[in-house]
Each structure stands twice: as structure tokens, then as C-alpha cells.
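Colleague: Dropping the sequence and predicted coords here.
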4 protein chains.
Amino acid sequence: MYLNEPGLYYEIHGTGEPVIILNGIMMSTASWKEHIQRWEKKFQIITYDTRDQGKSSRITDKPYTIDVHVDDLKKLIDHLELKKVNLMGVSYGAQIAELFVLKFPNLVDKMVLSNATDHVDNYLKSIGQAWKVAATLYDGEKFFDISLPYIYSRTFYNSNYSWLMNRREIFKKTLTKDWFDGFIRLASSNETFDIRNELKYIKATTLFISGEEDIITPKNHIIEMHNKVKNSLLVNVEETGHALFFEKFDEFCMLVEGFFS
Amino acid sequence: MYLNEPGLYYEIHGTGEPVIILNGIMMSTASWKEHIQRWEKKFQIITYDTRDQGKSSRITDKPYTIDVHVDDLKKLIDHLELKKVNLMGVSYGAQIAELFVLKFPNLVDKMVLSNATDHVDNYLKSIGQAWKVAATLYDGEKFFDISLPYIYSRTFYNSNYSWLMNRREIFKKTLTKDWFDGFIRLASSNETFDIRNELKYIKATTLFISGEEDIITPKNHIIEMHNKVKNSLLVNVEETGHALFFEKFDEFCMLVEGFFS
Amino acid sequence: MYLNEPGLYYEIHGTGEPVIILNGIMMSTASWKEHIQRWEKKFQIITYDTRDQGKSSRITDKPYTIDVHVDDLKKLIDHLELKKVNLMGVSYGAQIAELFVLKFPNLVDKMVLSNATDHVDNYLKSIGQAWKVAATLYDGEKFFDISLPYIYSRTFYNSNYSWLMNRREIFKKTLTKDWFDGFIRLASSNETFDIRNELKYIKATTLFISGEEDIITPKNHIIEMHNKVKNSLLVNVEETGHALFFEKFDEFCMLVEGFFS
Amino acid sequence: MYLNEPGLYYEIHGTGEPVIILNGIMMSTASWKEHIQRWEKKFQIITYDTRDQGKSSRITDKPYTIDVHVDDLKKLIDHLELKKVNLMGVSYGAQIAELFVLKFPNLVDKMVLSNATDHVDNYLKSIGQAWKVAATLYDGEKFFDISLPYIYSRTFYNSNYSWLMNRREIFKKTLTKDWFDGFIRLASSNETFDIRNELKYIKATTLFISGEEDIITPKNHIIEMHNKVKNSLLVNVEETGHALFFEKFDEFCMLVEGFFS
């Protein structure tokens, strides 16, 4: 379904407590197909593509910052006439969730922040730069080769290499110029993201999920975040990188189910 | 309630899927009071004291090994006329759960093994020896002083010192010669526990929970166990030691709820 | 040799740059026999027993704090007519070294702090309490059983169990009431040790050595210390606990040799 | 100086025990300028560029494997009329050292293997692929952006960002098509490198150096290697990635000095 203004594609699955899913930067509503099969029996799952993602509209008129998604999310919640929601954000989506709860604290009940950060440091900015250089090649295979080892863990590479090589083929076939351009804009939007000083104002009960081998948003930093957010829990998943939601599907689903139930 | 033969004290809370709780060595049914308040709304919680624990009978006629509890548990399940159960074992209780599922695989549906091991190595045997030396002093305060830093994490000690000192008082007042003697027998019963070669036969869906600062059953060893049990998940909790079930009450409850729901 | 006042036993081995060795709390000059065989070819090694240790005099008139050893060390340096020394302190000895360099910064050239801390937190105080309870039993075997698993790593226990059991025999035969009483006084002397705010004033080039499995003075805390001492290096040794100087003899000797040469 | 056949550029600094330095894949003799200033006072330092590196000749006639450097190194040692040498290899250079000591065990006295591996797993192969994709762009800045976050640690990026950006400029100015082509051939030469089964035959006294944040050759794997090489030591350096020799210059120099002295 579409929310015409501002052109957001969204889906609603199941009934019950509403949980809005916020995608990571390379993801879309399609990334959650298998999770939804489990979760829709327990909650009302609302997935959507941020602008410049998936089936939502593009933002080509001027550069923007990640904050733009906060107001879009607010419009979606208003459109759905939800009084209070739960948020589940992964990586870039966790950053949106953090900004949203700080701006609209009364709209958020509980929140999962998986593979999250509270600021883009020079290292993360540099990985973003690698990704943007990769995207400007407009070649799915090269993009895969350059970007993916930052995202999936060594453990996953060594156990799922043929799946990954198949995935590389899919990247080649499906990533279009339009996709790469949207990705580049998204990857540029959070370079100055920094809510370190605001983190302490988050009051929503929050579950942090970290991945032991996550290079992008490492565990030690997430422990610091957890210690700043009063009503927060933290659980770490072993033998996984930044793509924890996928690499450790069972653990991830169980955590989200346990936290929201 | 009591199962007269072999003199097991047990409690039943709530309705639904039966989950049998297996205590750690220093614990009893009373240790689960707060957990039960959460869990009884979701499952049928069955707690019980193993023999030589809490309100169950003592085994004073001859030395025994931890296997003795496996048959006791079988009798309890038969007595309750349960066809299939879920098990949730902590430390020593996790060892009982492992032995039980290996002997009666068809009786176990799902299983949580928290702060578990598959064998007592020389280091663990030596910690057991420290505890036994401590127990033979028959002095709750000295027992507390000698034994507890192995169990609770540095993080917990530094955040909850007055609670611990209060706990020390309770040890002084409540630990009787009968308790110490039972403890010594229990701590002697698993010195040769070693199921490393059998672990691969466990078919029950299993959740391993490890604690980042656990000295007694360290994370790295639990990762190895997880990799040997096919249908298993593993989640690690940060900033906690061996008393994870208590130190990280919220995380622990959430994990158990997510796994069994 | 003895420095009559205040009754310090010391030894001098080799020639060259003077390196004064500061013992851990359960150690004495005798603990360094094998290290000296390597080091005396390269440096002038000065070992000594603090008061209440080994062959030095006892302090039985009144309670004292660890600072008492600072002035003793100053007297020893003056007696030996050394203008500038290098210090190598292990655990309790590292605490003495830290206090010394803060009081007499101009007397210290370079400094190794192995398995060090800058304050005794509640957890460390509690381990100290366990040790004192153990010592008051005046029984070498029980003291060994209670205290040693805090000191040697799991890896060491599992690889050197018969050596440890032999060591237990030696504890039984050699630890006297006099030794235990001295130990109890030493273990009481640093309960309020806290130089966290002064650490930044240390100017001496300093090598921190941490042990990956050290329970008493954990690596993460030593990294923090390293980041506060400007001219410092940090190296971590894997698969060892607090008794790093012994468990990892080769690595330890190499580090000290590399740093002082 | 040049060894005409096979066209190896080498340098000799200082006198004493000979230590041959084996470069990492992106390095050359020029990378060791500052280390040599320290080491030449203690040892005879021999640096050289492997073929396809720095000032040595190129191998353009046919594809080759990393073994080609083993025979080149043998020729260099023969040319210098050395009976026995010490080796110090970093990353790709450590792989050459491992192959050399297995082929010519009698020629090697002691050996430092820093940031080493004993096989190229799928993850490492994939990072190599990212680097090769980057190199084929023949653009120093893009190569820097894509490759460097794998090599330098987050800690280094966040403390030395302007140095890195300056370095990026130097990459832009100095990396030529010839350099990139040589790099691509080198990066292709070790894709099937695997000496896991031979590691146990290494008899030379060996020092392994690992970096806590090394993504390319992670610590846990180096611990496994250390446990397979009988006469080996292992030391870990904190807050550094794969470029340990540079990121932690002081610690690295000290370790090499301590080990070889």
C-alpha cells in the first residue's frame, strides 16, 4: 500500500500490538518476508520503505539528512491512526528510531535497536565512503565484492559461501542505476548523525541487540549506549556480523518476540 | 507439594505448556519467586528442589553422582502425567537437563541451558573444591566471602555491593549445618560429569545462554557446545557472571519467554 | 643482604641498568629465581621482600597502608646510592610502583606494571576478603584451594594440574602462621588504594602488561589505565590469568627484556 | 642494492644478527624507514621488495603463486652468504616466512609472524577480491577508500583521521598503473594458500603477534596457530588492526627487539 504523500510504500501483516519495522540502508520491505511469517501470528507488523528505498519515492531535488525519515514516519503513524507504536530498527533504521523517539517520545512504547549506533564516527564515515565509491561503479557484482565483507561476518562467509555467491548474481541482475543513486543519497544522509548527548533522554523501554563480530557497529559501543539508556536491555549474539537479523535469523526472531510479547 | 517417593518438593504455577525449572547448586524453588510472577502468566511453571536441596529429602546413606537426579525428575514427570515437557536448567540444573534429555529424548520438547557446561574440567573441579572447603566451615559469612566472587560478576559487585552485604547477613542467619552438608554432597556429585562425546546426540531444540563475565562456565566453552548441538541457539548476555538468571533478570526472563513462546 | 633499617631483605644480580622488582602479595625474592637467570645477563636486577614478606621484617605494632612500602623503597634506593631506577611491579608490587613514581617522579626512569590496577574496587576487596578468610584458617592446602583459582587461569589449571597439586603440597609444608599473619596484614593494607585521579601525572615511560583471563585485574581496566598514562605502552598476553609472570614465563621475560633494552 | 637475478631490490642496515624483513602486500622497503632507525643499532636488518613489489622486478609472463617468493628469498640468502637467518614477516610476508621455514627449516633461527594466517579462507579471499576490484580502478583515492578500513582499526581512524586523509592524497599521487598491476598479481598469488596441516612441522622459535581489532587475520585464529607451533610465543596488541606494525609502532618495535635480543 502507499501513503501518497510523501510517497511511502508500506505493508501491514497480522493483528495485535503494532510493531513498525525500520530497514537498514541496503534493505527494503522485501527483506522481512521470512520474519513476517513468524511475527504476524503474534503482532501487527508494519513494514515500509523509507524514501529512496525500495518502492517508496525518490528524493532527487536536494540533499537531505536522515531526519527527513522521522517526519515521514510520523505521517505514516498518523495515517494509520496509531496512538502508540513499537519500533524495531536495524542499523540505519535504528538511527531513525532513535531520532523518532527523541522527537516524539509519547508515540513510542517499546523499541528494539539492533546493530545501532548513536553517532557516525570517522571509521563509520569511511566505510560509508567505501560503499559510495562502490555504488558509483553501478555494477552489482563489484558493489557486492567491495561492500559485503563489512556486513556479513567471517563465520557467515565461511559457512555460506555458495549462498553469498548466488546473492552476488542477484545483485548483478537486480541492482539498477536508480537503486544505486538512492543508496548513495541514503548513505550520504547520516554522515553527521550524532545523538550521543541526547541518548540519556530516551525513556522508552529499549532492547539493544549487538553482534559479536559486527565491524560497523561494534558491541563495545553498543554496551556504552545501553548504559546510557535507563530502561534498556542488551543482548549479544555470537558468531555474527552486522547482518545479524539475517545471519542469526532464529536468535533475532526469538529476541524480538520475547521483548515485544 | 511433595512427591512422596523419593521425597521431592515441587510447586506448580500457572497453566499452559509445562516448563520444568532445574535449580543451580546453591538454589531452591524459592530462588524463582520473581521469575514465576512473570512466567506463570505464559506457561505452566514447575519448580522443584532436587534431593539434598531446599525442602526435598536428603541422601545420606551413600555417595551419589548427579545422575541420581535424572531418575527423580523422571518420577516427577510420570507423577504429573506429563507426556512431554520443556526444561530450563541453570548451571548444575543444566547438567541435569543434559543428562535427562540424553536418557529420555522423547520426553523433552525444548530446553534452555543457561550457564551450562558439558564437563567438569580441572578448573571447575578446583572451584568446587574451594566451595567445599568453604562449606565445611559451617559459617554463612565465610561461605559467602569465599564462594560468591566466583559467581557474581565484577560489574554486579560494583553496582550492588550493599545488596550483597545484606545477602551475606542472610547467609549467616539461614545457612544451617543441614544445608551445608547437602551442598557438599551436591558439589561432590558432578566431579566426573563429562558428556562431551554425547552432546551431539541432543536433538531437542535448545537455547544456550552464556554470560560474558562468567568464570565458572565461560562463554567460549558454551559456543563450542552450541556448535555441537544441531538444533540450538545461543545468546550471550553482557556485564554478568554465572548468576546471570538473577544479575540480568530482565534479559533472562525475556530470553526464556521468547524461546518458549 | 639486609638493609638493617627498616629490615629489608634484598638481592642484587648482574650489572648494568638497575631494575628493581616489586613482588606480588603472595610472592618473595625467591619467586624470581628463573627470571633472574635470564635477566641478570642484561640488567642489574634488584629483588627485595617488602616488610611482612619473605625474609624482611614484620610490622606487628599497628595497622598500615600500602604506602608504607614507598618509603621503604626510597630508603633502599638511597642505601644503594642509585640516582635513577627502573621499576618492574607485579600486582600489589605494581601498586607500590605507582605510588612510588607519583611521590618520587624524578627517581624513576622506566616502569613495567604487570597485572596492575589503579584502585581496589568492591570486587577486588571481596576477593581480598576471601583470601583473608582463607589465611585465617592457617592451613596451606585450604588456602591453596580457596585462593588459587582466582590467580591462575583456567588454561593453566587444565594444562598443569599435577604441577598445581604438587604446589598445594608445598603450600601445606611451607606456609607458617607467621607467613599467614604477614599475608593478612598485606592484604588489608590496600583496601582503600585508589589513585585513579593521579594516574595522569605519571610521566615515566610505562609498559602495561595485561592477561586475557585475569580475573583480579582485568584487561579492560588496564586498557583504561594505559589510555590515561601518556607515555605508556600496553601489551596483552593470551591464555593466562593473574599469575602471568609465571604462567607465561617466556612472553613475560621477552616483554621485560624488550622494554628495558 | 640489487640481486640481479631474479631482480630483487634489497637494503642492509646495521650489523649483528641478521633479521630479514618480509613486507606485507601493500608495503615495500620504504615502509620500514623508522623501524630501521631503532633496529639497526641492535641487529643487521635486511629489507627487500618481493618481485612485483617496490623496486624489484615484475612478473608479467604468467600467473604465479606465493611460493615463487620462497625461492627468491633463498637466492637472496645464498647471495648474502648467510648460514642462518631470522625472519620477521608481516601478513603476506608472514605467509612467505611460513612457506620458507617449512621448505628450508635449517636456514631459519627465529621468526616473528605478525598478523599472520595459515590459510586464506573464504572471507579473506573475499577481502582480497574487494582489493582487486579496487585496484582495477587505477585510482589511488578510490583504492584508499575501499581498502583501508579493512586494514587500519577503528581506533586508529578515530585518532588519526587527518593523517589518513593526507595518506589518501599520497596514494592518489604515487600509486601508478604499474603499482596496481603488481598488487593485483600479488593479491591473486595466495588465494589457495593453506598450510594448516604443515604448521605443526615448524620447529623454529616463533613469536606470533596479533592485533585485537584485526579483521583480516583475527586474534582467535592466531591463537590456534600458536597452539600448533610448539616453540612459539604469542602476544596480542590492543586497540589496533591489521596495520599493527605501524599503528602500534612502539609496541611492535619493543616486541621484535625483545624477541630477537
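Modeller: The structure has been received and is ready for your questions.
Colleague: Three-state assignment for residue A:113, please.
Modeller: Counting by DSSP: H, G, I helix; E, B strand; the rest coil, the backbone at residue A:113 sits in strand.
Colleague: Tell me how far it lies from residue A:96.
Modeller: Separation of residue A:113 from residue A:96 (CB to CB, to the nearest Å) stands at 10 Å. Every C-beta, even on glycine, is put in place using the N, C-alpha and C of the backbone.
Colleague: Give me the more crowded residue out of the two.
Modeller: The neighbour comparison of residue A:113 against residue A:96 (other CB atoms under 10 Å in any protein chain shown) goes to residue A:113, with 32 against 24.
Colleague: Residues of the stretch 101-250 of chain A that sit close to chain D?
Modeller: A:121-123, A:126-127, A:129-130, A:133-134, A:137, A:142, A:145-146, A:148-150, A:154, A:157-158, A:161, A:164, A:215, A:218 (CB under 8 Å from any CB of the partner chain).
Colleague: where do the strands sit along chain A?
Modeller: A:2-3, A:8-13, A:18-22, A:44-48, A:85-90, A:108-114, A:205-211, A:232-237 (DSSP state E).
Colleague: Reformat these as TSV; add distance to chain B and mean pLDDT.
Modeller: Below are these laid out as TSV (distance: least, CB to the nearest CB, whole Å; pLDDT from 0 to 100):
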stretch	distance to chain B	mean pLDDT
strand A:2-3	31	80
strand A:8-13	18	97
strand A:18-22	14	98
strand A:44-48	16	98
strand A:85-90	13	98
strand A:108-114	11	98
strand A:205-211	8	98
strand A:232-237	4	98
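Colleague: To residue D:19, which of these lies closest?
Modeller: Across those, residue D:19 has its closest neighbour in strand A:205-211 (40.1 Å, CB to CB).
Colleague: what stretches of chain A score poorly on pLDDT?
Modeller: Within chain A, the segments meeting pLDDT under 70 span A:5-6.
Colleague: Taking it, what residue is nearest to chain B?
Modeller: Distance from chain B to each residue of chain A (CB to the nearest CB) is smallest for residue A:258, at 2.1 Å.
Colleague: dump the residue contacts of that residue.
Modeller: B:254-259, B:261 (CB atoms under 8 Å, 6 or more residues apart in numbering or on different chains).
Colleague: And the residue nearest to it when sequence neighbours are not counted, how far from residue B:31?
Modeller: Ranked by CB to CB, 6 or more residues apart in numbering or on different chains and with sequence neighbours excluded, the top spatial neighbour of residue A:258 is residue B:258, at 2.1 Å. The gap separating residue B:258 from residue B:31 is 21 Å, by CB to CB.
Colleague: Go ahead and confirm residue A:50 touches residue A:72.
Modeller: Yes: shown here, residue A:50 and residue A:72 form a contact pair, counting by CB atoms under 8 Å, at 6.7 Å.
Colleague: Could I get the CA-only coordinates of stretch A:186-201 as PDB?
Modeller: Extracted in PDB, the C-alpha atoms of stretch A:186-201 (Å, rounded to 0.1, in the frame of the first residue of the first chain):
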ATOM      1  CA  LEU A 186      20.900   7.500   1.900                       C
ATOM      2  CA  ALA A 187      24.500   6.800   2.600                       C
ATOM      3  CA  SER A 188      25.200  10.500   2.500                       C
ATOM      4  CA  SER A 189      22.300  11.400   4.800                       C
ATOM      5  CA  ASN A 190      23.800  10.300   8.100                       C
ATOM      6  CA  GLU A 191      27.400  11.400   7.900                       C
ATOM      7  CA  THR A 192      26.800  14.000  10.700                       C
ATOM      8  CA  PHE A 193      24.400  11.800  12.700                       C
ATOM      9  CA  ASP A 194      25.300  12.300  16.400                       C
ATOM     10  CA  ILE A 195      22.900  11.900  19.300                       C
ATOM     11  CA  ARG A 196      25.400  11.000  21.900                       C
ATOM     12  CA  ASN A 197      24.300  13.800  24.200                       C
ATOM     13  CA  GLU A 198      20.600  13.100  23.700                       C
ATOM     14  CA  LEU A 199      20.700   9.300  24.300                       C
ATOM     15  CA  LYS A 200      20.100   9.800  28.000                       C
ATOM     16  CA  TYR A 201      16.700  11.300  27.300                       C
END
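Colleague: got a list of contacts for that stretch?
Modeller: Residues from elsewhere that reach stretch A:186-201 (CB under 8 Å, 6+ apart): A:25, A:50, A:52-53, A:63-66, A:68, A:92, A:95, A:98-99, A:102, A:105, A:117-120, A:125, A:128, A:131-132, A:135, A:225, A:228-230.
Colleague: Where helices are concerned, which of the residues of the stretch 101-250 of chain A next to chain D count?
Modeller: A:122-123, A:126-127, A:129-130, A:133-134, A:142, A:145-146, A:148-150, A:154, A:157-158, A:161, A:164 (DSSP state H).
Colleague: Of those, just the buried ones, ChimeraX syntax please.
Modeller: The ChimeraX command for the buried members of those (criterion: 16 or more other CB atoms under 10 Å in any protein chain shown) is given here:
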select /A:122,123,126,127,129,130,133,134,142,145,146,148,149,150,154,157,164
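Colleague: Among the ones in helices among the residues of the stretch 101-250 of chain A next to chain D, which ones lie close to chain B?
Modeller: With CB under 8 Å from any CB as the criterion, these include none near chain B.
Colleague: And for the closest residue to chain C within the stretch 51-200 of chain A, the neighbour number?
Modeller: For the stretch 51-200 of chain A and chain C, the shortest gap (CB to the nearest CB) falls at residue A:121, measuring 16.5 Å. Neighbour count for residue A:121, taken as other CB under 10 Å: 14.
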